[in-house]
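*Asks:* kindly return the folded structure for what I paste below:
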Amino acid sequence: MNITKDIIYIGVNDHDVDLFEGQYIVPDGMAYNSYLVKGEKTAVMDTVDKHFRDQWLENLDKALEGAEPDYLIVQHMEPDHSANIAVFMEKYPKAVVCASKQAFNMMKNFFGTDFAERNMTVGEGSVLDLGGHVLRFVAAPMVHWPEVVMTYDETEKVFFSADAFGKFGALDAPPDPEGWACEARRYYIGIVGKFGPQVQNLLKKAAGLDISVICPLHGPVLTEDLGYYIGLYDTWSSYRSEDKGVTIAYTSVYGNTKQAAELLAERLEARGVEAHVSDLARDDMAEVVEDAFRYDRIVLATTTYAGDIFPFMKTFIDHLTERNFQNRTVAFIENGSWAPVAAKKMRTMLECCKDLTFAETTVTVTSALNEKSRAAIEALAEELASL
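*Replies:* Predicted coordinates:
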């Protein structure tokens with residue numbers, strides 16, 4: 001697939017993976033993107049996952065049309081992109097590998113060598129002239145590993161963005177009816193979400209570039225309405241809510257906390273407020289984390305369990321705090337038959353988060369809903385709806 005006349009897509013699609021990075025469900029598979037830039041000299045932009053070595057090499061050979069590559073540019077050392085570096089260097093003994101200093105240290109860890117006689121260290125502002133294509137490197141540490149560099153083709157105005165602007169899903173999967181943002185958001189929040197300040201730094205650098213195409217290492221090449229994608233990244237990385245609405249995340253042992261959560265959603269919707277209810281024990285937790293960052297209000301509903309909170313809720317809150325959850329309104333529903341402490345425990349877990357506003361109303365259910373707890377749910381719905 002030609003991105004431009006001289007830039008060719010040589011990546012692969014993975015429909016065998018069940019859990020990306022060992023934790024994210026990817027029903028539509030995953031794309032591992034790689035590109036070839038042809039000038040007077042040629043450069044390959046990253047490799048692919050080890051399971052697709054042969055297919056990738058076949059794609060590369062076809063795109064080279066009998067030539068040999070001069071450079072392998074390694075933007076990111078995660079194995080889904082770097083696994084075939086040693087294979088490439090053995091197959092093309094005259095090629096030079098270009099990467100950051102940190103990436104070469106990682107190559108020693110992965111392959112036992114940093115290809116010292118055939119390497120070129122690049123960093124912020126480094127330039128590689130291919131003859132007809134000038135590549136300028138942009139350092140992007142912690143987006144989302146420390147060694148990351150990105151590459152701007154000044155000639156074609158193409159930005160090779162490493163893992164930034166990526167999304168879940170193979171490129172040959174059916175079109176997502178919810179559009180790019182749905183799986184891109186889940187990908188960003190799950191994998192990059194902790195590193196908002198570093199993404200903000202990258203966006204400032206990108207603002208100084210005249211970009212017409214974004215080529216990420218996962219997901220589709222972005223060619224139109226780039227302001228939309230960049231705007232979403234700005235929202236996500238500054239921890240602002242994307243939409244108004246209430247995420248209701250619950251755990252329930254015997255169904256009573258579930259009933260309280262669903263009643264709250266019903267009362268919110270009666271007031272015209274969008275509410276999204278999720279069972280943390282059964283739903284994809286990454287999707288619920290995504291919703292927590294997408295919407296401006298969240299309700300955490302769980303039981304008191306062994307003097308603490310139910311394990312799935314504890315894990316969920318850990319996911320939030322790990323990703324710098326902030327700038328949201330938070331409310332609690334707790335359940336306990338004799339000594340409910342769940343709301344207090346949840347609030348304590350969130351003390352490390354910045355700029356959270358806690359609702360005045362906390363709902364306490366003592367075993368099952370009764371007149372008092374139903375009235376508290378009505379009050380909480382009214383309070384959340386007024387925000």
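
*Asks:* could you list the low-confidence segments of the stretch 151-300 of the chain?
*Replies:* By pLDDT under 70, the stretch 151-300 of the chain has no low-scoring segment.

*Asks:* surely F332 and V299 touch.
*Replies:* Yes - counting by Cβ atoms under 8 Å, V299 is a contact partner of F332 at 7.2 Å. (C-beta placed from N, C-alpha, C; glycine too.)

*Asks:* can you list residues touching both of those two?
*Replies:* By Cβ atoms under 8 Å, 6 or more residues apart in numbering, F332 and V299 have no common neighbours.

*Asks:* and these two? Which one has more around it.
*Replies:* Using other Cβ atoms under 10 Å, the more surrounded residue of F332 and V299 is V299, with 27 against 23.

*Asks:* would you tell me what helix or strand that one is located in?
*Replies:* V299 belongs to strand 295-305 when assigned by DSSP states H and E.

*Asks:* who does that strand pair up with?
*Replies:* strand 243-250 (parallel), strand 308-309 (antiparallel), strand 329-335 (parallel) (DSSP bridges).

*Asks:* most packed of those strands?
*Replies:* Of those, the one with the most neighbours on average (mean count of other Cβ atoms under 10 Å) is strand 329-335, at a mean of 24.

*Asks:* residue contacts, the closest residue to L128 other than its chain neighbours?
*Replies:* Spatial nearest neighbour of L128, excluding adjacent residues (Cβ to Cβ, 6 or more residues apart in numbering): L135 at 4.4 Å. Neighbouring residues of L135 by Cβ under 8 Å, 6+ apart: 37, 43, 73, 127-129, 151-154.

*Asks:* so which of these wins on neighbours?
*Replies:* Busiest of the contacts of L135 [other Cβ under 10 Å] is V37, holding 29 neighbours.

*Asks:* pretty sure it sits in a helix.
*Replies:* No - under DSSP: H, G, I helix; E, B strand; the rest coil, V37 sits outside any helix and is assigned strand.

*Asks:* returning to what we had before: give me the three-state assignment for the residue nearest to L128.
*Replies:* Each residue gets one of three states, and L135 gets strand by three-state DSSP.

*Asks:* and the gap between it and Y35?
*Replies:* For L135, the distance to Y35 (Cβ to Cβ, to the nearest Å) stands at 11 Å.

*Asks:* now do V48
*Replies:* Distance from V48 to Y35, by Cβ to Cβ: 11 Å.

*Asks:* which residues touch stretch 73-81?
*Replies:* With Cβ under 8 Å, 6+ apart, stretch 73-81 has contacts from 30, 32, 34, 43-50, 82, 85, 97-99, 103, 106-107, 110, 122, 128, 135, 145, 147-151, 160, 162-163, 217.

*Asks:* give me the buried entries from the residues you listed.
*Replies:* Neighbour counting by 16 or more other Cβ atoms under 10 Å classes 30, 32, 34, 43-49, 82, 85, 97-99, 103, 106-107, 122, 128, 135, 145, 147-151, 160, 162-163, 217 among these as buried.

*Asks:* inside strands: which ones of those residues?
*Replies:* Counting by DSSP state E, those place 30, 32, 43-45, 97-99, 128, 135, 149-151, 160 in strands.

*Asks:* which of the residues you listed lies closest to E90?
*Replies:* E90 lies nearest to V97 out of those, by Cβ to Cβ, at 11.8 Å.

*Asks:* residues contacting the closest one?
*Replies:* Neighbouring residues of V97 by Cβ under 8 Å, 6+ apart: 71-74, 85, 89, 107, 115, 118-120.

*Asks:* pipe those into CSV and attach secondary structure per row.
*Replies:* Output for the contacts of V97, formatted as CSV (three-state DSSP):
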residue, secondary structure
Y71, strand
L72, strand
I73, strand
V74, coil
I85, helix
M89, helix
M107, helix
F115, coil
R118, helix
N119, strand
M120, strand
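
*Asks:* among those, which pair sits farthest apart?
*Replies:* Y71 and M107 (15.2 Å).

*Asks:* what's the distance between K101 and R297?
*Replies:* In terms of Cβ to Cβ, K101 sits 44 Å off from R297.
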